[in-house]
Structures are given as C-alpha cells and as structure tokens.
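Visitor: Give me a 3D structure for the following:
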Amino acid sequence: MEPTYPPLTDCILWEGALNSKGYGHLRVDGFDWLAHRYAYYKHYKKYPGKLMVLHSCDNRRCINPEHLFLGTNTDNMRDAIAKGRPIGRRGPGNPEKKHRWNHIKELFRR
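Guide: Numbering: from 1, shown residues only. The predicted model follows:
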C-alpha cells in the first residue's frame, strides 16, 4: 500500500519546541533558528538575512516552504492589515505588556 500525503497546499506543522511567541525553534550546528526560517533556507537555498520570513497561511508553526515568503517588517504589517489581523500595540494599551515590579506591587495594595 502506498503512503498518502496531504496536498502541498496544507500547512506542515512544526512538532518540536516552540518559543514564547509560538514559533518553532531548533539548533543546527550550534546556531539557533526559528523553524520556519530554517525551512525557507533549506528549501530555497537562500539565507533570509535581515529580511523576515512571512507566512501566507498566518500559522506560526507552519514550515511548508510553499507558505513562506521573504519580506520586510513593513510588508508584514501590510499583510496583517490586508488579512484583518490585529497589529501589536506598544505601551500601556498592549494587553501583553510586561509590567514593572512597582506597578505590580501597586496593584496588590488595592
């Protein structure tokens, strides 16, 4: 019986370790890589350098090279806006902001 494979358009999910932002990561020859950047590099034989490796599928765990493309931070923001994804907020309005210790102590005094 021949094995069956999903269509090439499906996400290929990284099953290894994830970083705190949900991206796969690995170590190769002493160098740390984000899994999708390494997948892009191995498939296209092109080091991304300072460019970002973006996901057309918006799945952080996806390592399918067909879903990966190079872009700048501006490209990433435009892609997010076009797809209706929330864009990270900075400062006190950011729900994921790390609080300073003094602020945390003040919260417990209330």
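Visitor: Any stretches of this protein with poor pLDDT?
Guide: Within the chain, the ranges that satisfy pLDDT under 70 run 1-9, 88-110.
Visitor: The chain: helices as residue ranges?
Guide: Secondary structure of the chain (DSSP state H): helices at 35-44, 73-82, 101-109.
Visitor: ok, residue 23 - contacts?
Guide: 34-36, 60-61 (CB atoms under 8 Å, 6 or more residues apart in numbering). Just so you know, the C-beta spots here come from the backbone N, C-alpha and C atoms, and that holds for glycine as well.
Visitor: how about 7 Å then?
Guide: Counting by CB atoms under 7 Å, 6 or more residues apart in numbering, residue 23 touches 34-36, 60.
Visitor: And the closest residue to residue 73 other than its chain neighbours, how far from residue 59?
Guide: Closest residue to residue 73 apart from its sequence neighbours, by CB to CB, 6 or more residues apart in numbering: residue 52 at 6.4 Å. Residue 52 sits at a distance of 15 Å from residue 59 (criterion: CB to CB, to the nearest Å).
Visitor: What of residue 14?
Guide: Distance check for residue 14 against residue 59: by CB to CB, it reads 10 Å.
Visitor: When those two are compared, which one has more neighbours?
Guide: Higher neighbour count among residue 14 and residue 59: residue 14, with 22 against 16, using other CB atoms under 10 Å.
Visitor: thought the more buried one was touching residue 24?
Guide: Yes. The criterion here is CB atoms under 7 Å, and residue 14 meets it with residue 24 at 3.1 Å.
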